[in-house]
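Chemist: with the input below, show me the fold.
(2 chains, ligands or ions: 2)
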Amino acid sequence: MGVEGIGARVARKEDKRFLIGKGRYTDDMTVPGMKYAVFVRSPHAHATIARIDATAAKAMPGVIDVLDGKQLLGDGIGNIICGWMIHSKDGSPMKMGAWRPLADKTVRYVGDAVAIVVADSVAEARDAAEAVVVDYEPLPVVTDPVDAMAEGQPQIHPEAQNNLIFDWELGDAAAVDRAIAGAAHVTELKIYNNRLSPNAMEPRATLGIYDAGDDHYTCYTTSQNPHLARLVMSAFYNVAPENKLRVIAPDVGGGFGSKIYIYPEEIVCLWASKRTGVPVKWTCDRTEAFLTDAHGRDHVSTVKMAFDANNRITALKVDTIANLGAYMSLFSSCVPTYLYATLLSGQYDIPAIHANVRTVYTNTAPVDAYRGAGRPEATYLLERTMETAARELGLSPAEIRRINFIRSFPHQTPVIMNYDAGDYETSLSAAMAAADWNGFATRRAEAERRGMKRGIGMSCYIEACGLAPSAAAGSLGAGVGLWESAEVRVNAVGTIEVMTGSHSHGQGHETTFAQLVAERFGVPIDSVNIVHGDTDKVQMGMGTYGSRSGAVGMSAVAKALDKVEVKAKKIAAHLMEADESDIVIENGELKVAGTDKAVPWFQMALAAYTAHNLPAGMEPGLKEGAFYDPANFTFPAGCYICEVEVDPETGQTKIVQFVAADDFGNIINPMIVEGQVHGGLAQGIGQALLEGVHYDESGQLLTASYMDYAMPRADDLPSFKVSTSNTPCPNNPLGVKGCGEAGAIGSPPALINAITDAIGNNTLTMPATPQKVWVAMHSSN
Amino acid sequence: MAKITMTVNGRDVSGVCDDRTLLVHFIRENLGLTGTHVGCDTAQCGACVIDLDGQSVKSCSILAAQAAGSSITTIEGLAQNGELHPVQAAFKEHHGLQCGFCTPGMVMTAVDMIRRHGSTLDEATVRAELEGNICRCTGYHNIVKAILAAAAEMGGARQAAE
Ligand code: FES
Ligand code: FES
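Modeler: Numbers count the residues shown, from 1 in each chain, chains lettered A, B, ... in the order given. Ligands and ions are numbered 1, 2, ... in the order given. Below you'll find the model as predicted:
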C-alpha cells in the first residue's frame, strides 16, 4: 500500500471546494436569460380537475407563461413509468396506472403537479402560481394500504382493481407450511416498517435549457444517475432524442435514493424551456420536498418463524403489504420484491422460506428506494423476530444467532441469493467485545440504582450490493442492464482522467477512484482527475445507488486500467528494447525487472502521443474503456449492538453506546468507509427513534417541514464505535463489497431490540418516540 | 425595491432587490456567493448560517434590507490568502463532510462556537450547540470531532500568542 493507494486514509480531494463555498450544485447554476419556475400543486389528495384558468396568472408582473397538463399531453410528452416489471403469482403483469408529469384530469396525492409557472423571479412565479385557478372536484381518499385493498374503497387508478398493483410470491409455500406444522416452536410477530422521507439536505432542483439553434436540450439536475435520466427521458418520455439531450448532475447534495428517479419537474422544465424559449430553473423548497420526493419503507408484515427442538430455524413465512403511494416510481416495484424478499434468509441457514408481497396504491406520495431499499425492511423483520424468538426460547440473543449462522460458502438460500463469502461469527464476536456485552449486567444494575432502565440489543444484517448480473436482473424484470462503464485517458504529459458512469453525491469518488489509479501506476492522486455526472463527457453509466460504485463502478475502472497497463508496458518495452513481460510499473516508472533501466510514466505517455517511436503497427495515444458486468451481487454483513437507557418517567430513550462491526471486504479508504457507516447509522437511528411520515385521513401531509418531521440532530446521536473485518468478495477484481447502506440496514432492529430489552415489552413500533415508549412500558406485552 | 449596501467578506457591495428578499437570496443571487445554501424554509437546517456583525445568524430568517449597512462574512470569506481557516482544515482532516451541502453552515456555526468557547469546548457542548444545523450525511460523528480538534488547535494558538 502506498501513502495514497488502496487502504490509505487519504483526505478527500473534493473537500476543498465544498469547504470554501465553491461547490457547484444545480441551484448555483445560472445561464443568460434564465427564468424561474414554480409548480402549481394539488392541495387535494384525490380529485378530478374540472378546469384550469391561468388568465389572471399570465397577466401578472414578470410572468412568461403558465403551462398545464393538456398542453404537455398535446406535445406528446409521455407518462412517467416504473422500470421493473413484476408479475403477480397468477401470471398477470403489475398494474401500472398512468402518471402524467402534469396531471390533466385527476390528481392523486397532495403535491401532484398540475401546472408550471415561468417568471422573471421565484417570488413572481410564486405569486402567479397562487393566482392560477384550478377547479377541483374532490374524490374520496384512502391513505392506509390495508384499507385501500378493501371492497368499496376509492379506486385510485382504473387499471388496479382494489388498488392492488401486484400480489407476488417467492419461495416454497407448501414446504414452509409443512415445517410450521411440525415445528417445536413458532414465533409470530406483526412488524411495521415506518414510512420515511429521505431528506437529502440539498433540495431537488433542475435547470432545463433548450437551444433552438442546435435543436439541443441540456438538463442540469440533482441526480444520482444522469445517464439513466437521459435514457428514460428520451426513450420513454419523448422529451428529446438521446443524441440531443445532455444531462448534467453537478455537485449533488446527498441523495440516499431519492435522486435516483426521474421526477415530473425535470421533464416539465425541459419541455417548458422549449415552449417558452428561455432556460427554466426550478428549485424545490423543503415543504415541496416532503410532499414530492419519493418516500421510503412503509411495510406492514406478519411473520412466522418455525424452530426445531434444537432451536434451529426450519422455516420462515412472511406476508407483507407495501404501500407504493399514488404512482409507481421508477424502481418502486423491485424494492419490496427482489431487494427485500431475497434477503429474508439473513445470515441464517433457513431451509424453507416463503414470502408473499402485495403492493398497493394509496393517495400518498410515491414510495421508492431509500438508503438500503428493501434490505432494511428484511433485516428489521428478521432481527426483531430473532430477538423475540430468543426470549421465547430462553436463549441469549447471541446464542440463537450462533446456532443458526450460515457457516459454509458459497451458500444458496431458498430465495434466489447465492452468498459468495462471509464470516458472521467474527463480526458478532468483534461487536460483543467492543460493546463489552459481558459487562452489561453490571451496567444495568448501576442504571437501576439511578432509576433508569437500561437495555442492550443486537442485530446481524446482510445486504446485497451492486445489483448484478445484467442478464439475471433482466430475467427478473429489470428494464436496464446493471453493469458500469469507465474510460481511462492518459494525457500526453502523463496525467490521467478517469470517466466513470458512477455518480458521487458525497461518497468521495474523486478520491477513492484516484486512489485506485495511484495504487496501480504509482502516480500522485493529484495527477488523476475523476470525471462523472455529465452525459456529454462520459458515454454511458448507471449511476450510484445500492452501494454499487466500488463493486461495479471501480471494477470497471480496474478493467480499463488493465488495458492501459498492457499498452503502456508495450510502449515502455519498445523504448527500452526490452521484453514486454519483463516490465513492471512502480512508483511512477516503468522498469525492466531486475535491471536499473526505467522510463518515467510521463515519458511513456509522451511517447504514446508524439508517436515518433512506437512498436510497429501500434495506434498512437493511450486511452482505454471498459464495461464491467459483475458475476453476482456482493454481500456485506455485520453485527450491530446498541445500548440504551430509558427514563421511566418520560419514556425518553438515550443511546449510551452504539457499536458497528462490518465486513466490507477489501477497503479502499478506511476514513471514507467509516464516514459512510456513521451516516447510515444516523439514518437508521433516525428511523428507529424519531422519523416518520404521517398523513391524516384526508391525505394531508402532517409532516411537511422540519418543525414536524424529526430529523436526527447532533444531540440525538452518540459517537459511534465502528470496526471492520475484511473477507474479500471473490466476485470482483478489487474484492470490495460496498458500505453505503449498512448503517441504515443494521441499526433500527438493534435499537428497537435494546429498548424492548430495557422496558420488557415487545409491542413497540418505530419510531420509538418517548410517548410510545412510555405507553409500551405501562401496558402489558 | 430597496437599494442595499453592505460589507461582505471585507468588500463594500451594493445591490437592488425586492423589499421581501431574504438575506440568503441577496447573497446568493445578487452577490453570486453561492456557498451559502438554502436547505429548508423554516429556519431549521442551518445551511445558510453566516456571520453578521460578529453574530452568527441564519441568513434565511432575516430580510436583506434589515442587513443594510452591516458587515457580513460568508463561507467564501473564511480562507485567507489561499489558506484554509483552521476550522475548514479540521473538517477536511477529520472527514467532517460528505456531500458538502450542509458544510458551509456547519463551518460558520463552528467558527462562532469556538470564538465563544475557545479550547474549553467539550463534546456535549458541541452537540448541544449544533442544534440548529442538520447534516444528513455524516451522522455528526466526524463533525463533532473536527470542531473539537479545531477548538483545541485554535485555543492552543491563542494561548501561545498571549
Ligand atoms: S435555509 Fe436557513 S435554516 Fe434552513
Ligand atoms: S455533508 Fe451532506 S448534509 Fe452534511
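Chemist: from here on, contacts and neighbour counts on C-alpha atoms
Modeler: Fine.
Chemist: got a list of what A:A200 touches?
Modeler: Contacts for A:A200 were tallied using C-alpha atoms under 8 Å, 6 or more residues apart in numbering or on different chains; they are A:253-256, A:258, B:136.
Chemist: likewise A:A341?
Modeler: A:A341 makes contact with A:170, A:355, A:374, A:378, A:415, according to C-alpha under 8 Å, 6+ apart.
Chemist: save those residues as TSV, and put in pLDDT and secondary structure too.
Modeler: Output for these, formatted as TSV (pLDDT from 0 to 100; DSSP: H, G, I helix; E, B strand; the rest coil):
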residue	pLDDT	secondary structure
A:L170	97	strand
A:A355	98	strand
A:G374	96	coil
A:A378	98	helix
A:V415	95	coil
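Chemist: most surrounded residue in those?
Modeler: When neighbours are taken as other C-alpha atoms under 10 Å in any protein chain shown, the top entry among those is A:G374 (28 neighbours).
Chemist: quick check, pLDDT for the nearest residue to that residue once chain neighbours are set aside.
Modeler: Taking C-alpha to C-alpha, 6 or more residues apart in numbering or on different chains as the measure, A:G374 lies nearest to A:Y340, with 4.0 Å between them; neighbours along the chain are not counted. The predicted structure scores A:Y340 at 97 on the pLDDT scale.
Chemist: how about A:Y340, what does it touch?
Modeler: Neighbouring residues of A:Y340 by C-alpha under 8 Å, 6+ apart: A:373-375, A:377-378.
Chemist: what comes into contact with the lowest-mean-pLDDT helix or strand in chain B?
Modeler: Comparing every helix and strand of chain B by mean pLDDT, DSSP states H and E singles out helix B:141-161 as the least confident one, with a mean of 83. When contacts are defined by C-alpha under 8 Å, 6+ apart, helix B:141-161 is touched by residues A:675, A:678, A:718-720, B:86-87, B:90-91, B:93-97, B:110, B:114, B:118-123, B:126-127.
Chemist: tell me which residues of it are tucked away?
Modeler: Buried residues in helix B:141-161, defined by neighbour count with 16 or more other C-alpha atoms under 10 Å in any protein chain shown: B:141-155.
Chemist: the bottom helix or strand of chain A by mean pLDDT?
Modeler: The element with the least model confidence among the helices and strands of chain A, by mean pLDDT, DSSP H and E, is helix A:470-475, at a mean of 86.
Chemist: what's the spacing between that helix and its chain's center?
Modeler: Helix A:470-475 has its C-alpha centroid displaced from the chain centroid by 20 Å (C-alpha atoms, centre = their mean, to the nearest Å).
Chemist: circling back: mind picking the two most distant members of the contacts of A:A200?
Modeler: Largest separation among the contacts of A:A200 by C-alpha to C-alpha: A:S258 and B:R136, giving 12.8 Å.
Chemist: from ligand 1, how far off is the residue sitting nearest the centre point of chain B?
Modeler: If you average the C-alpha coordinates of chain B and look for the closest C-alpha using C-alpha atoms, centre = their mean, you land on B:M108, 2.1 Å from that point. Using C-alpha to the nearest ligand atom, to the nearest Å, one obtains 13 Å as the distance from B:M108 to ligand 1.
Chemist: packing partners of whichever helix or strand that residue is part of?
Modeler: If you go by DSSP states H and E, B:M108 is part of helix B:103-117. Counting by 3 or more C-alpha pairs under 8 Å, 6 or more residues apart in numbering or on different chains; DSSP states H and E, the packing neighbours recorded for helix B:103-117 are helix A:15-19, strand B:49-52, strand B:55-58, helix B:86-93, helix B:141-161.
Chemist: quick one: closest of the ones you listed to A:E383.
Modeler: Relative to A:E383, the nearest member of the helices and strands packed on helix B:103-117 by C-alpha to C-alpha is helix B:141-161, separated by 25.7 Å.
Chemist: how far off centre is that closest one?
Modeler: Per C-alpha atoms, centre = their mean, the displacement of helix B:141-161 from the mean C-alpha position of its chain is 16 Å.
Chemist: does it reach ligand 2?
Modeler: No - among the residues of helix B:141-161, none lie within reach of ligand 2 under C-alpha under 6 Å from any ligand atom; the closest is 8.8 Å away.
Chemist: could you check the angle that helix makes with helix B:86-93?
Modeler: With axes from the mean of the first three to the mean of the last three C-alpha atoms, to 10 degrees defining the directions, helix B:141-161 sits at 140 degrees from helix B:86-93.
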